[in-house]
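Q: next one to model:
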Amino acid sequence: MDATAALSTSVPNLSPESVRALARRLYGIDGSVLALAGERDQNCRVETADGSRYVFKISNPSEPASVVDFQIAALDHIAQASPELPVPRVVRTLEGRTHDTIALGGGVHTRVRMLTYLDGIQIRETARTAAQRRAMGTGLAELNRALHGFAHPGAAHDLLWNVSAAHRLAAKLDAIVDDGRRALAGKFMARFIADVLPRLASLRSQVIHNDYHLYNVLVAPDDHARIVGIIDFGDMLHAPLVGEVATAAAFHMAGSADPFEGPAQFVAAYHATLPLTDVEQEIVADLMATRHLITALISEWRAARYPENRAYIMRHNPAAWEALSQMADLSRNTARDRLLAGVQTGAYQ
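A: So this is what the prediction gives:
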């Protein structure tokens, strides 16, 4: 599949009544249906009369079957390898299958699946704290350890949301209307190509979540530093492990007077559980900037293409541009040292 296919195909749009009928027919589960946000797939919450809740997912028809199978297999693997991790569980159909196939009309078919629904508060709705960032760093390291050694043919799929492949988005620089922003993005694209791309082949790689951020991590209502859910495994792929760390760290730049304070706390806690190698430490700050770069480029492109979904698509865009501006005048070494401050001093407690 071309890397742009899943981001260039409209999200399925089944009615709540159709989703309810499918859940009842395929799973024997009947309940009210509530639409949930999604970039590529149609996601719905199904709640039964007794309060049980599930997530019903209708895959983007451009998503290869092998990728859907990969996401399902990864969740099953985590459930076996680290059952204590708070990730969704795959619900089997009445026939014992992990998924089913439905017709969308016009000869188009796609896969549907159901997951358990995890209760909790999205971290984006809470106040940022050092304890919370440390919990997130530790939680991601534990998730990565659970995924270590997991292999699946679908893990090698192409995905634009992959910081280690940012150079493929270079052509989208020309579509940025604002001259200053286009120059800013171009600077970080050039840095990635010159300083990161040549090092990627030497990095350890594995299956990663690739979207571990404030929307996809849930905390307890009475303790905002206790993680009770990790959701949205739709961007998983096999890629350099440090890209996972950088992607997650990027979302902690906002909310503090020092934009490196939050990311440094996060990275130090991650490193305390799953240490970064020397070469990973050398480029993790570069890749943190790269995540903001691809966020800006992909969101600008998709918002223009799908204005009806603009609010969801652009939700991280302002923060991405702000972060690139904050890093623009820093040397690579300065950015690296500030990000790794906790790692260098052991100050992750």
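Q: hey, where'd the helices end up in this protein?
A: With DSSP state H as the criterion, the chain has helices at 16-27, 65-81, 130-147, 179-191, 241-250, 261-273, 278-305, 310-313, 317-327, 332-339, 341-345.
Q: who's in contact with the nearest residue to Arg302 once chain neighbours are set aside?
A: Excluding the flanking residues, the one nearest Arg302 by CB to CB, 6 or more residues apart in numbering is Ile313, at 4.8 Å. Where C-beta positions appear, they are placed from N, C-alpha and C, glycine not excepted. Contacts for Ile313 (CB atoms under 8 Å, 6 or more residues apart in numbering) come out as Glu39, Ser299, Arg302, Ala303, Tyr306.
Q: count the residues that sit near the second one.
A: Think Ser299. By other CB atoms under 10 Å, the residues close to Ser299 number 21.
Q: separation between it and His238?
A: Between Ser299 and His238 the computed distance is 24 Å (CB to CB, to the nearest Å).
Q: same deal with the third one?
A: Plainly put, Arg302 is 24 Å away from His238 if you go by CB to CB.
Q: how near is Leu324 to Ala289?
A: 7 Å.
Q: actually Thr273, sorry about that
A: Taking CB to CB, one finds Thr273 at 24 Å from Ala289.
Q: ok, now Arg315?
A: From Arg315 to Ala289 the distance is 19 Å (CB to CB).
Q: ditto for Pro88
A: On the measure of CB to CB, Pro88 and Ala289 end up 31 Å apart.
Q: so between these two, which is more surrounded?
A: Legend: neighbour count by other CB under 10 Å for Pro88 and Ala289, higher for Ala289 (27 against 21).
Q: isn't that one up against Ala190?
A: No. With contact defined as CB atoms under 8 Å, Ala289 does not reach Ala190; the gap is 11.7 Å.
Q: reformat the helices of the chain as TSV; add distance to Gln206.
A: Converted to TSV, the helices of the chain look like this (distance: least, CB to CB, whole Å):
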stretch	distance to Gln206
helix 16-27	32
helix 65-81	11
helix 130-147	6
helix 179-191	25
helix 241-250	6
helix 261-273	14
helix 278-305	13
helix 310-313	29
helix 317-327	26
helix 332-339	22
helix 341-345	20
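Q: Leu214: which of those is closest?
A: helix 130-147 (8.8 Å; CB to CB).
Q: returning to that earlier point: which neighbours do Leu324 and Ala289 share?
A: Phe188.
Q: and stretch 196-212, end to end?
A: 21 Å (CA to CA, to the nearest Å).
Q: actually stretch 251-264, not the one I typed
A: Span of stretch 251-264 from end to end, CA to CA: 12 Å.
Q: can you check stretch 307-326 too?
A: 28 Å.
Q: now it: buried residues?
A: Under the neighbour-count criterion of 16 or more other CB atoms under 10 Å, stretch 307-326 has Asn309, Tyr312, Ile313, His316, Asn317, Ala319, Ala320, Trp321, Ala323, Leu324, Gln326 buried.
Q: quick one: residues contacting the residue nearest to the fourth one when sequence neighbours are not counted.
A: Counting by CB to CB, 6+ apart, His316 lies nearest to Thr295, which is 5.1 Å off, once chain neighbours are set aside. Under the criterion of CB under 8 Å, 6+ apart, the contact list for Thr295 reads Ala250, His316, Asn317, Ala320.
Q: pretty sure the second one is touching Ile298, no?
A: Which is His316. No. In this structure, His316 is not within contact of Ile298 by CB under 8 Å, at 9.7 Å.
Q: the residue lying closest to Leu118 once chain neighbours are set aside - how many residues pack around it?
A: Nearest non-adjacent residue to Leu118, counting by CB to CB, 6+ apart: Gly229, 3.5 Å away. Neighbourhood size, Gly229 [other CB under 10 Å]: 20.
Q: again, but for Arg92
A: 14.
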